[in-house]
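In: Predicted structure and sequence below. I'll ask about it afterward.
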Amino acid sequence: MMSFSKPGPAAPALAEDVAATLERLGVRAALWRDGGREVRSPITGEVVARVHDAGRETVDQAIGQAEQAFRAWRRVPAPRRGELVRRLGEELRAAKADLGRLVTLEAGKVTSEGLGEVQEMIDICDYAVGLSRQLFGLTIATERAEHRMMETWHPLGVTGVITAFNFPVAVWSWNAALALVCGDPVVWKPSEKTPLTALAVQAAFERAAKRFGDAPEGLSAVLIGGRDVGEQIVDDRRIPLVSATGSTAMGRQVAPRLATRFARALLELGGNNAAIVAPSADLDLTLRAVAFAAMGTAGQRCTTLRRLFVHESIYETFVSRLRSAYASVPVGDPRDEGVLVGPLIDEAAAAAMAEALAQADAEGGQTHGGVRLSGAGAYVSPALVEMPAQSSVVLRETFAPILYVMPYADLDAAIDLQNAAPQGLSSAIFTLDMREAERFVAADGSDCGIANVNLGPSGAEIGGAFGGEKETGGGREAGSDAWKTYMRRATNTVNYGRTLPLAQGVRFDL
Ligand code: NAD
């Protein structure tokens, strides 16, 4: 039986809980009371705040101020810029419990995931502080005597950040921590579904900037609003880089508009992530990994596991255990201890899930779970769907906890099936066979930006570059050399001699 937890009697009323949390986080009431845009908590679906949309003029002014801030910030030495990010990390550490709580209240994540998201912000701040002393270029051998050729990395300009509801604060920090140490101001348009957490992050930034002392005005701005605010950012020529996270449909609109003005696009779009369970897999480990990757965050991660290929020799053994896990996972109020799956973000998400399950049924699927549960808020039991083949519903990203399971006989065919999805974000193989593991991560293996062995496709660390190929958009954020996107590269050649040799032996003697 599915276990469903209702809010305990001790839970404070939602609106009061949100108000008290915002107050502790230092967000002025004027920013979230009496505005024209309702903010609903997915926990009950009720309105918990009313925020103010930024009008065209406000957006225009914020971008203008960010551009001015850029002129000052680019001249501040990078390690000193890192000092601001270090202070931001300190503010986030101090606010972790409350900000994590607000993520739970506004996005519906269970407590440990709300806190984990804030921890991710802290981690990327630490990373960026170190990075602020490592923004290095190369020195390159030149063909000309008494010359030196090198590359230098300079701040790029204002970075526009557009984010999705499901990581309401972490995605901003992946971008902002790097952009700030790279010398770029940040203008942020959060999801219209999660503006409160954005206001709280901006309050933390402002405290950090105050303690820092001489950060220019407008270095970080939050612009609340819908798609129109996002479009204004995308079209503004003063913003040379836009990092946009969200659906592939959004990326399809944003990418050509940025291309029209030759701006950089860092796109982090939809995923339809798969895993392969090979005959040698450690099934205890695999079960836990699959359960978290498919059901965690109520299936609302870009890296959520949505397609599972299980070798036919272990299919019944493994899938029967998976069915039991699905039948017993605790779903309910994300504030409650022990709950692992909270609500979907809204009714539209529940409707999209029901529609996908109906299509899966029509395509020959056998569904376990996937039912609407009682209670205010869009609570559903996660669905495990055994499919006869990878039909069209399986190849579509439905942003809900649906895991399609299919048997396979041959690893090459399974890898081909995995790569057949239009998206290319994350992937995994579970195997103890070294040849299979290496094959999966080789050039002719997984075609995704992330390919894991013996862990699920979700839950990336910030140290690696994060992002995916194909319809996921190709962007890379967070670790490795993702910082280069936020800077412009200059190749400098210096002639310290008295002659002027031309490259390629060209002669031009006057
Ligand atoms: P969404 O596409 O509906 O909205 C994302 C953001 O884009 C919002 O802030 C929205 O206002 C803005 N937006 C929408 N259309 C726009 C336009 N034409 N111009 C400018 N801005 C526009 O996405 P969502 O429902 O909030 O999030 C879920 C989706 O995001 C899923 O597809 C998920 O896979 C994806 N996602 C991807 C990543 C990743 O890193 N690859 C991370 C999180 C979420």
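Out: Everything's here; your move. Residues are numbered from 1 along each chain as shown.

In: Would you mind naming what in this protein lies close to the ligand?
Out: Within the chain, the positions near the ligand by C-beta under 6 Å from any ligand atom are 162-167, 189, 191-192, 226-227, 230-231, 234, 245-247, 250, 253-254, 268-271, 302, 397, 399, 425, 472. In this view, the C-beta of every residue, glycine as well, is placed from N, C-alpha and C.

In: So, low pLDDT: which residues of the chain?
Out: Across the chain, the ranges flagged by pLDDT under 70 are 1-12.

In: Skipping its backbone neighbours, what lies nearest residue 400 in space?
Out: Excluding the flanking residues, the one nearest residue 400 by C-beta to C-beta, 6 or more residues apart in numbering is residue 353, at 3.6 Å.

In: Verify the assumption that the one you found is located in a helix.
Out: Yes. The assignment for residue 353 (DSSP: H, G, I helix; E, B strand; the rest coil) places it in a helix.

In: how about the longest helix belonging to the chain: buried residues?
Out: Longest helix of the chain, by residue count under DSSP state H: helix 78-107. Neighbour counts over helix 78-107 (16 or more other C-beta atoms under 10 Å) mark 78-79, 81-92, 95-96, 98-107 as buried.

In: Ok, stretch 254-274 next?
Out: If you call a residue buried by 16+ other C-beta under 10 Å, then stretch 254-274 has these buried ones: 254-255, 258, 263-274.

In: Show me where the stretch 151-300 of the chain has its helices.
Out: With DSSP state H, counting those that start in this stretch as the criterion, the stretch 151-300 of the chain has helices at 170-182, 195-212, 227-235, 248-260, 283-295.

In: Let me know the distance separating the residue nearest to residue 400 from the ligand.
Out: 13 Å (C-beta to the nearest ligand atom, to the nearest Å).

In: Residue 313 touches residue 279, doesn't it?
Out: Yes. At 5.1 Å, residue 313 counts as touching residue 279 under the criterion of C-beta atoms under 8 Å.

In: which of the buried residues of stretch 254-274 lies closest to residue 26?
Out: Nearest to residue 26 out of the buried residues of stretch 254-274 is residue 268 (C-beta to C-beta; 28.9 Å).

In: residues near the residue nearest to residue 201 when sequence neighbours are not counted, how many?
Out: Nearest residue to residue 201, sequence neighbours excluded (C-beta to C-beta, 6+ apart): residue 169, at 5.4 Å. Counted by other C-beta atoms under 10 Å, the residues lying close to residue 169 total 26.

In: how far away is residue 169 from residue 121?
Out: The gap separating residue 169 from residue 121 is 6 Å, by C-beta to C-beta, to the nearest Å.

In: Show me what residue of the stretch 351-500 of the chain gets nearest to the ligand.
Out: Among the residues of the stretch 351-500 of the chain, residue 399 lies nearest to the ligand; the distance is 5.1 Å by C-beta to the nearest ligand atom.

In: Surely residue 368 is in a strand?
Out: Yes. Under three-state DSSP, residue 368 sits within a strand.

In: Pretty sure it sits against residue 328.
Out: No. Using C-beta under 8 Å, residue 368 makes no contact with residue 328, being 11.8 Å away.

In: For those two, indicate the residue with more neighbours.
Out: residue 368 (19 against 10).

In: Which strand or helix spans residue 494?
Out: strand 487-495 (DSSP states H and E).

In: List the strands paired with that strand, with their directions.
Out: Here strand 487-495 is paired, per DSSP bridges, with strand 147-155 (antiparallel).
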